[in-house]
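S.K.: Got a predicted structure here, sequence first:
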Amino acid sequence: MKEFEIIYKTYFNDVFRYIRRLSGDEKIAEEVTGETFFKAIQAIDKFKGECDLRIWLCQIAKNTYYTYLKKSKRLKSIDEMDVSDGESLEERLIWSEEAKKIKQALHTLPDPYKEVFTWRVYAELSFKEIGQIFHKTENWACVTYHRARKKIIEQLEGNKDEEL
């Protein structure tokens, strides 16, 4: 049990930031993060160490958040979200009318682009932390993120041309 306390203290903030970024709501993030660690302690024997522990916890957190959304029926219409001009791609991913298109473009990306972009945008991890997850350099994480970002932008611009 002492080992799980260490895990909790080490990864709580990462999981919380990831869910806060997904949900946009601090109270929901607190609730889902707590539930995540409850589920993780029940399933810790199933963790085989094939991936980074942070990845495993964030996957549990993401699934817990989606279950939360289904139960509470809190899915917002993308059309109801406010957007201001000049926002970065990361801000548009969460708040803009194009969020659905951006997420669809993200899901078409091959790994590691999809994973690196998700860790950077949703979990707010540094390039150094992302590099450590993949056992690569900080520079590799930075380049991979920017390539993923470029691919998403290109895909979105291509979709706009098709709509005209």
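M.R.: Sure thing, it's come through.

S.K.: Any idea how many residues pack against W119?
M.R.: 25 (other Cβ atoms under 10 Å). Every residue, glycine included, has its C-beta placed from N, CA and C.

S.K.: And the next helix or strand past the helix or strand hosting it?
M.R.: Assigned by DSSP states H and E, W119 belongs to helix 113-121. For helix 113-121, the following helix or strand on the C-terminal side (DSSP H and E) is helix 127-133.

S.K.: That next one packs against which elements?
M.R.: Secondary-structure packing of helix 127-133 (3 or more Cβ pairs under 8 Å, 6 or more residues apart in numbering; DSSP states H and E): helix 113-121, helix 138-163.

S.K.: related to what we said a few turns ago, list the neighbours of the helix holding W119 that are in contact with it.
M.R.: Outside of helix 113-121, the residues within contact range by Cβ atoms under 8 Å, 6 or more residues apart in numbering are 21, 90, 93, 106-107, 109, 125, 127, 129-130, 133-134, 141, 144-145, 147-149, 151-152.
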